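Colleague: Sequence and predicted model, in that order:
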Amino acid sequence: MKKSTVEDIRKRFDGDVERFSQLETGQQAVIDAPLMMELITEAASKSTPKAKRILDIGCGAGNQTLKLLSGLPNLNCDLLDLSGPMLKRAYERVSNQTNGLVRTFQTDIRHADLQYDAYDILLAGAVLHHLRDDEDWLRTFTKLFSLLKPGGSLWISDMVHHDDPAIQELMWNRYGKYLTTLGGEDYKEKVFSYIAIEDSPRSLTY
């Protein structure tokens, strides 16, 4: 099955800004639940308490950065996403919550022109599953680590494909029910079809 291109992914998220802008009620599935964001960002805050500059990769509407700012106020925030509408919403929301510098980058992390040794914290929520082969993964993670300052931290939460069929069915049934509450059965099938095109999600929550 033909995988989505970067342009396909961008168009999909251009049309889903409102869903990803609901910090407390719009994201309730396991992979993007408020609890998951709170755990990730609280851990990032405690492990890197003197952080000054962060990069949110695949930032969407800015939810993870907003959660992080609740524990580490007034950070300088770089927001990266393929979708222009998502970045616009993220910039508006994040700018209202920090006195730090907020910058946006509409690009793919693999091609982004970013400063090395510059970031205290990198966030990557439900985005790295778009990587392809092993070489792509290795090249991208090498770049991510090069962006971090000494002592900096990288935080990943993402979709997981479970080896145990029963666990896989349990988790994806839950995700399917969540998607149905958002837009009905047709919306669920649309998202699942998209995930199938992307192939089995490989990245885990660290």
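Modeller: Structure's in. What do you need? Numbers count the residues shown, from 1 in each chain.

Colleague: for this protein, which spans come out with low pLDDT?
Modeller: In the predicted model, the chain carries pLDDT under 70 at residues 1-4, 9, 12-33, 35, 159-162, 194-206.

Colleague: Strands along that one, start to end?
Modeller: Here the chain has its strands, by DSSP state E, at 53-57, 76-81, 102-106, 119-125, 148-157.

Colleague: Just give me the residue closest to the centre of this structure.
Modeller: Gly125 (2.5 Å; CA atoms, centre = their mean).

Colleague: who does that one bridge with?
Modeller: When assigned by DSSP bridges, Gly125 has beta-bridge partners Ser157.

Colleague: for it, what are its contacts?
Modeller: For Gly125, the contact set (CB atoms under 8 Å, 6 or more residues apart in numbering) comprises Asp32, Met37, Ile40, Asp56, Gly58, Gly60, Asn63, Gln64, Ile156, Ser157, Asp158. C-betas here are computed from N, CA, C, even on glycine.

Colleague: correct me, but the third one touches Leu123?
Modeller: Yes. Contact status for Ile40 versus Leu123: in contact at 7.3 Å, counting by CB atoms under 8 Å.

Colleague: what touches both of the two?
Modeller: Gln64, Trp155.

Colleague: Between the two, tell me which one has more neighbours.
Modeller: More crowded of Ile40 and Leu123, by other CB atoms under 10 Å: Leu123, with 28 against 21.

Colleague: how near is the more buried one to Glu7?
Modeller: 24 Å (CB to CB, to the nearest Å).

Colleague: could you measure the residue of the chain positioned farthest from its centre against Leu179, distance?
Modeller: Here the chain reaches farthest from its C-alpha mean at Ala166, the gap being 26.5 Å by CA atoms, centre = their mean. Remark: distance between Ala166 and Leu179 (CB to CB) = 21 Å.
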